[in-house]
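*Asks:* predicted model and sequence follow; I will ask about them next.
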Amino acid sequence: MNYSDFVLLAVFSIFFIAESILFSAKGTVVIYSNSLKKWKYKISDKLPYFGGKYISLRNIFPPLGVSIVCGSFPLIFSEQGFLKNPMSYKYGIADSGDLYIRYSDVREVTSSGSDLIINGKKFCLMNNESEADRWKETIMELVKSHPGNRKKKIEEVISLVFNSAEAEIKLKGILKATRFLRFLLNILYVYLFAFSPVCVYLFTLGNSAVYLLTGLLAIHLSAILMYIRAYRKSIPEKKLQWTVMISAAIFPPGLIRSIDHFFTQTFILYNPLALAFACTGKEVSEELASFLIREYSYFRFESNDKIQNEMITEFRAVMLNEIKKILKKKKMDYDSLVRPPEKSVNSVSYCPKCLCQYVNESLKCMDCNIKLIKY
């Protein structure tokens, strides 16, 4: 057996794994299984959520898994102006510069790719073009609205990210539009990483190259055509991303992961809880709901800027209120999700945010730096 025959397949494998890691590192990631239809999530600390951790569904190795980036909230709105999420800024997601802008100072809002541009200057970097367009439109609506109506308008904006019914409709639409594409991508994955290595092992690359490349080209072209068809059908308001198309056309691992773009373009705008309800139902969403409640209730942000502190306090209150609303719609008990953890034998206190238990007389949680509650 000539191991050099497998070099190209090894390179494809490495790049495919790199593509998967790249998608999983962009933000809140939801993974589902095409064949098993099972949705799970875990709490990941790859990127900050709002002062804490991102939520992600458990990573199922592709092509059975597809990532959905969601839950980003790069801007915090108040009645006077808007603030870049200080935790995003801290971790390098937002750009440097002014953190806070009043509506009265906004003359022009545009976007260029993932960049949100205020008054001709780049204000912050979003996760993708859809997110930049969404917040550009939101800012302009708030700038043009009457000051007395802004509070209500902000509540409406935040309520949109918790619209699980709308998220579920969009999810079903994408799954329907990409049905044949997902089928072809699974075939391409098996052909590239299972069938081809076996053929090379049995017949050597020189004897099987023509046949393997002919089959790969046929599957590859069919998948590209299905990608274009599915994209125009499921996201008609968005132009086809030619950077993705070029990558998919010349790079099979990129084509296999191209299914992610349908979801990242659509669900970046939703809160993870809304998407969890759309994907997993009530039972699987309870842990996530509990986490978010504790996250917004006990978030610590220390700043000497009074405006920042006031805006974050207002934002947390509105987000908690939206969580209560969605839980009420789903007939879930809010109080049951904030109960203290069951006491261990030697525990004397617990952290109300991370629920870690302490056996000594500590005053603050070592991870969250907030005051412990005694049993």
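*Replies:* Now that the structure is in, tell me what you want to look at.

*Asks:* return the set of buried residues in stretch 157-169.
*Replies:* Buried residues in stretch 157-169, counted by 16 or more other Cβ atoms under 10 Å: 157-158, 161-164, 167. Placement of C-beta: from N, CA and C, glycine included.

*Asks:* let's see which of those residues end up in helices.
*Replies:* Secondary structure from DSSP state H places 157-158, 164, 167 of those in helices.

*Asks:* can you pull the phi and psi angles for residue 352?
*Replies:* Note on residue 352: backbone dihedrals following degrees, to the nearest 10 are phi -70, psi -10.

*Asks:* can you tell me how far it is from residue 373?
*Replies:* For residue 352, the distance to residue 373 under the criterion Cβ to Cβ, to the nearest Å works out to 5 Å.

*Asks:* so where's the stretch 251-375 of the chain shaky on pLDDT?
*Replies:* 281, 284, 300-303 (pLDDT under 70).

*Asks:* all strands for it, in order.
*Replies:* Across the stretch 251-375 of the chain, reading from the start of the chain, the strands by DSSP state E, counting those that start in this stretch fall at 349-350, 357-358, 373-374.

*Asks:* need the winner for burial among these.
*Replies:* With neighbours defined as mean count of other Cβ atoms under 10 Å, those peak in mean count at strand 349-350, which reaches a mean of 21.

*Asks:* give me the contact list for that one.
*Replies:* The contact list for strand 349-350, computed with Cβ atoms under 8 Å, 6 or more residues apart in numbering, reads 340-341, 343, 356-358, 361-362, 372-375.

*Asks:* equivalent analysis for stretch 202-212, please.
*Replies:* Stretch 202-212 has contacts (Cβ under 8 Å, 6+ apart) with 2, 5, 196, 199-200.

*Asks:* again, only using 6 Å
*Replies:* Stretch 202-212 is touched from outside by 5, 196, 199, with contacts defined as Cβ atoms under 6 Å, 6 or more residues apart in numbering.

*Asks:* can you show me the CA trace of that stretch as PDB?
*Replies:* Taking only C-alpha atoms (Å, rounded to 0.1, in the frame of the first residue of the first chain), the coordinates of stretch 202-212 have been written out as PDB:
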ATOM      1  CA  LEU A 202      -7.900  -1.700  -2.900                       C
ATOM      2  CA  PHE A 203      -6.900  -0.500  -6.400                       C
ATOM      3  CA  THR A 204      -4.400   2.300  -5.700                       C
ATOM      4  CA  LEU A 205      -4.900   5.900  -6.700                       C
ATOM      5  CA  GLY A 206      -3.500   5.600 -10.200                       C
ATOM      6  CA  ASN A 207      -5.900   2.800 -11.200                       C
ATOM      7  CA  SER A 208      -9.000   4.400  -9.700                       C
ATOM      8  CA  ALA A 209      -8.400   8.200 -10.000                       C
ATOM      9  CA  VAL A 210     -10.400   8.700 -13.200                       C
ATOM     10  CA  TYR A 211     -13.500   6.900 -11.900                       C
ATOM     11  CA  LEU A 212     -13.300   8.500  -8.500                       C
END
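
*Asks:* count the residues that sit near the closest residue to residue 288 other than its chain neighbours.
*Replies:* Distance criterion Cβ to Cβ, 6 or more residues apart in numbering; nearest residue to residue 288, sequence neighbours excluded, is residue 276 at 5.0 Å. Residue crowding around residue 276 was assessed by other Cβ atoms under 10 Å; the count is 28.

*Asks:* and residue 141, by the same measure?
*Replies:* 13.

*Asks:* from residue 152, how far off is it?
*Replies:* When Cβ to Cβ is applied, the distance between residue 141 and residue 152 equals 12 Å.

*Asks:* what do you get for residue 16?
*Replies:* 48 Å.

*Asks:* neighbour-wise, which of these two wins?
*Replies:* Using other Cβ under 10 Å as the criterion, residue 16 and residue 152 rank with residue 16 on top: 21 against 11.

*Asks:* grab the nearest non-local neighbour of the more buried one.
*Replies:* Counting by Cβ to Cβ, 6+ apart, the residue nearest residue 16 is residue 253, at 3.6 Å.
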